[in-house]
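Asks: Got a predicted structure here, sequence first:
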Amino acid sequence: MITAAADGIKEVSAPLSDADIEKLDAGDRVRITGVVYTARDAAHGRLMQLIEAGQPLPIDVRGQIIYYTGPSPARPGEIVGSIGPTTGGRMDTYTPALLALGLKATIGKGARSQPVRDAMRTHKAVYFGAIGGAGAVLSRFVKTLEIVAYEDLGTEAIRRLEVEGFPAIVVDDCRGRDLYEEGIKAYAR
Amino acid sequence: MRDVHVSAVTDAVKKLCMEANYELEPDMLRAFDRALTTERSAAGRQVLQILKDNAQMAKTRRMPYCQDTGVVVCFVELGQDVHVAGGGLADAIDEGVRQGYREGYLRASIVRSPFDRVNTGDNTPAVVHLDLGPGADLKIMVMAKGGGCENRSKYKMLTPAEGIEGVRSWILECIKTAGPDACPPLIAGVGVGGTFEKAAILSKRALFRELGAPNPDPALDALEREVLERANRLGIGPQGYGGDTTAFGVHILTYPCHITSLPVAVTIECHAHRHKEVTL
Ligand code: SF4
């Protein structure tokens, strides 16, 4: 679901539909609330093996959001340690297959490949940027955390998070616009 | 000969790893403040402000500034009149990393082999560079080097004919291709000269210089300033959202080299520029 808040920031909650995705434009600031799954390199490798073998995934990605992150350990009494985004481009080889299964959004930092951007157009999906390196601040938006798959991978396990007002920005929308390209155009001197 | 017991090395490395991850150096905080006054992009200023808040929160809550708490790169300057007693120096450093990362709630990000990729669980081993010199001091410099930016580090063997022009455009090229992936604002550590591996090590070593402090060599200082100014005209900006603050600094170290060679290594460092040092 997507709603526009009074301050102009768009509120985003999974599950997301095609119609929701169409409401997002590159450069839009968003606040994400609700369920987000974490996965990064090693977990994507395993998901890909399952997809190639035609087997079910440990999480149902339809309409969901995957956050590329590997948090630092929580201190006793805390929900999580630092939890900022990792480079999205490293997941590029896996992303089109997940988008084809109905994944609607990913959160990371850094540019995506053209095949991923094309897949976002085809399957109606977006890529959000979170602030890389702001892991301490971003941890405050995580309300619950539960490991749901691949616990042996440590920081790379798949976690189910519930977040509240998690700040991000639309980097790639489903119409092929890209915030990084537009930013450089606007500010290069 | 002065004896330094390995337990002192372990304790020092443990503390340096934890403090580096919790607390940015004052030069970085000043860089955020300065950029907040010059950045034209509103989104860029917002990113800078959040990073400043992040630094404050990391420090007060003693949690890592970034969840990628890095690979530990350790430069050791060992005075030849120091005798490391009670065990091996390399083991003592790794023990410090192990304790610092475990007890400090820092992330284990090292895999035991580049191919089987099984996590060692305690962020060991460190990458250690040892220099021998005169004296009876043992200086340990620790950097928690992030992976996202490290992945954008590059090396090029230029020809002597390409000269300073070639070096300038290669550094700029590295900053440009690092782009948003490496978490700008960036710092470029540059090693020019030596050999293939010497240039790379210098490019890391160069990052330990205080940000904003001039290069002691006036010609290199001018080169650094020019590259920095041009980098900040690329338009990449904080986090790549567009803006004027793409890099905080360019730090160059040089070394004599062969008549045929002009090696240039560029280590890309992100704003999570975490390093501490101590002399035992
Ligand atoms: S590049 Fe630096 S700031 Fe960005 S995620 Fe890696 S360590 Fe953190």
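Replies: Now that the structure is in, tell me what you want to look at.
Asks: and A:Pro76, how many residues sit next to it?
Replies: 5 (other Cβ atoms under 10 Å in any protein chain shown). Yep, even glycine has a C-beta here, placed from its N, CA and C like the rest.
Asks: give the contact list for it.
Replies: Taking Cβ atoms under 8 Å, 6 or more residues apart in numbering or on different chains as the contact definition, A:Pro76 lies against nothing.
Asks: same check, this time on B:Gly189
Replies: B:Ser203, B:Lys204, B:Arg205, B:Ala206, B:Leu207, B:His251, B:Val266, B:Thr267, B:Ile268, B:Glu269 are the contacts of B:Gly189 under Cβ under 8 Å, 6+ apart.
Asks: Among these, which one has the most neighbours?
Replies: Top of the contacts of B:Gly189 by neighbour count (other Cβ under 10 Å): B:Glu269, with 32 neighbours.
Asks: could you say which helix or strand contains the nearest residue to that one once chain neighbours are set aside?
Replies: What sits nearest to B:Glu269 in space, not counting adjacent residues and going by Cβ to Cβ, 6 or more residues apart in numbering or on different chains, is B:Ile187, at 4.3 Å. Secondary structure from DSSP states H and E places B:Ile187 in strand B:186-194.
Asks: quick one: average pLDDT of that strand?
Replies: Averaged over strand B:186-194, pLDDT sits at 98.
Asks: how many other residues sit next to A:Ala186?
Replies: With other Cβ under 10 Å as criterion, A:Ala186 counts 14.
Asks: Now do the same for A:Ala5: its pLDDT.
Replies: 89.
Asks: Would you mind listing the residues in contact with residue 141?
Replies: Defaulting to chain A. A:Val163, A:Glu164, A:Gly165, A:Phe166, A:Pro167.
Asks: not quite, I wanted chain B
Replies: Per Cβ under 8 Å, 6+ apart, neighbours of B:Met141: B:Cys74, B:Phe75, B:Val76, B:Glu77, B:Phe208, B:His275, B:Lys276, B:Glu277.
Asks: Using PDB, write down the CA coordinates of the helix or strand encompassing B:Ser7.
Replies: Assigned by DSSP H and E, B:Ser7 falls within helix B:6-22. Output of helix B:6-22 as PDB, limited to C-alpha atoms (Å, rounded to 0.1, in the frame of the first residue of the first chain):
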ATOM      1  CA  VAL B   6      52.100  -9.800  23.100                       C
ATOM      2  CA  SER B   7      49.300  -9.300  25.600                       C
ATOM      3  CA  ALA B   8      49.900  -5.500  25.300                       C
ATOM      4  CA  VAL B   9      49.600  -5.800  21.500                       C
ATOM      5  CA  THR B  10      46.300  -7.800  21.800                       C
ATOM      6  CA  ASP B  11      44.800  -5.400  24.300                       C
ATOM      7  CA  ALA B  12      45.700  -2.400  22.100                       C
ATOM      8  CA  VAL B  13      44.300  -3.900  18.900                       C
ATOM      9  CA  LYS B  14      41.100  -4.900  20.700                       C
ATOM     10  CA  LYS B  15      40.600  -1.400  21.900                       C
ATOM     11  CA  LEU B  16      41.500   0.200  18.600                       C
ATOM     12  CA  CYS B  17      39.100  -2.000  16.700                       C
ATOM     13  CA  MET B  18      36.200  -1.100  19.000                       C
ATOM     14  CA  GLU B  19      36.900   2.600  19.200                       C
ATOM     15  CA  ALA B  20      37.500   2.900  15.500                       C
ATOM     16  CA  ASN B  21      34.100   1.400  14.800                       C
ATOM     17  CA  TYR B  22      32.200   3.500  17.400                       C
END
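Asks: Identify each buried residue in stretch A:143-162, please.
Replies: A:145, A:149-150, A:153-162 (16 or more other Cβ atoms under 10 Å in any protein chain shown).
Asks: and it, is it in reach of the ligand?
Replies: No. Figure legend: stretch A:143-162 not in contact with the ligand (Cβ under 6 Å from any ligand atom); closest approach 12.6 Å.
Asks: Quick check: end-to-end length of that stretch?
Replies: 5 Å (Cα to Cα, to the nearest Å).
Asks: centre of the chain versus it, how much separation?
Replies: Mean-position distance between stretch A:143-162 and its chain equals 14 Å (Cα atoms, centre = their mean, to the nearest Å).
Asks: what do you get for stretch B:67-85?
Replies: That offset, for stretch B:67-85, works out to 14 Å (Cα atoms, centre = their mean).
Asks: tell me the mean pLDDT over it?
Replies: 98.
Asks: Ok, stretch B:240-248 next?
Replies: 98.
Asks: quick one on the thing from earlier: quick one: which of the contacts of B:Gly189 is nearest B:Thr120?
Replies: Closest approach to B:Thr120 among the contacts of B:Gly189 (Cβ to Cβ): B:Lys204, at 21.2 Å.
Asks: any idea what sits nearest the closest one, other than its immediate chain neighbours?
Replies: That would be B:Thr267: by Cβ to Cβ, 6+ apart, it lies 5.3 Å from B:Lys204.
Asks: Likewise for B:Asp181?
Replies: In space, B:Asp181 is closest to A:Gly110, 3.3 Å off (Cβ to Cβ, 6+ apart).
Asks: Test my guess that the one you found contacts B:Ala178.
Replies: No. Taking contacts as Cβ atoms under 8 Å, A:Gly110 lies outside contact range of B:Ala178: 9.4 Å.
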